[in-house]
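In: got a sequence here, can you build the structure:
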Amino acid sequence: MTTIQKALVQNMYPHMDITLLAEIIDATPNPEVATEILCGLYETPTVPEKVFSDDKSKLYTMTFYNKWTDNVSYEYYSPKTQGCYFPVDVKKEDITEKNYLSLRITDDKEKAYHYYVPLLSQMEKNTSTVELSRWMKLHSKFPYADEVVEIIGEIKSGPPQRVFEPVLSEQVK
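Out: Sure, this is the predicted structure:
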């Protein structure tokens, strides 16, 4: 516990011996947050719910913010992959989900290379954890992830239904 934290706790609890409180605070994963909570000063940070990966190929959705570790747990979808061996004369860019079974080899792997074929028709949910500072950096690179997801959702559900009344030529002047 830092000197400032001790002084703050002592000021909040002047009639207590803070030795036990200091021991409890120091035993937590995040003594700074523990001190703030104990003194009624803690404010949960505003954490964006959605961010894009660095290359903007994946949308990450926050599932939980852990104040004690200052980490964000999130989920995202990515294509399943199938690891196979291919002859060295087959180019990676020629391998597709539709043809990989016919191009792969199961024997004589010494003259082959291993490659993970993305199966774009089969998506899987993945989970991971990242420090809040990293999550916020991803957010700052593309701060409108929530709005983009909302717009894409509207596009997928179909165009908005609008009723247009015909305009007569006399009305346009």
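
In: work out for me the element the spatially most central residue of the chain sits within.
Out: Centroid-nearest residue in the chain: Y60, 3.0 Å away (criterion: Cα atoms, centre = their mean). Element membership for Y60 (DSSP states H and E) is strand 59-66.

In: and for V72?
Out: Element membership for V72 (DSSP H and E) is strand 71-87.

In: can you list contacts of stretch 3-15?
Out: 1, 18, 21-22, 25, 31-32, 35, 38-40 (Cβ atoms under 8 Å, 6 or more residues apart in numbering). (Each C-beta comes from the backbone N, C-alpha and C, glycine too.)

In: PyMOL command for the buried members of those residues?
Out: To isolate the buried subset of those in PyMOL, counting by 16 or more other Cβ atoms under 10 Å, use the following:
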select buried, resi 1+18+21+22+25+31+35+38
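
In: next one: the host helix or strand of L21 to chain centre, how far?
Out: L21 belongs to helix 19-27 when assigned by DSSP H and E. The chain centroid and the centroid of helix 19-27 are separated by 34 Å under Cα atoms, centre = their mean, to the nearest Å.

In: what angle separates the very next helix or strand once past it from helix 19-27?
Out: Downstream of helix 19-27, the first helix or strand assigned by DSSP H and E is helix 31-38. Interaxial angle, helix 31-38 versus helix 19-27 (axes from the mean of the first three to the mean of the last three Cα atoms, to 10 degrees): 130 degrees.

In: now for the longest strand seen in the chain, which elements pack on it?
Out: Criterion DSSP state E: the longest strand present in the chain is strand 112-131. If contacts are counted by 3 or more Cβ pairs under 8 Å, 6 or more residues apart in numbering; DSSP states H and E, strand 112-131 sits against strand 71-87.

In: next, the buried residues of the strand it packs on.
Out: In strand 71-87, counting by 16+ other Cβ under 10 Å, buried: 71-72, 74, 76, 84-86.

In: for whichever helix or strand comes after that strand, buried residues please.
Out: Per DSSP H and E, the first helix or strand lying C-terminal to strand 71-87 is helix 100-103. The neighbour-count check on helix 100-103 (16+ other Cβ under 10 Å) flags 100, 103 as buried.
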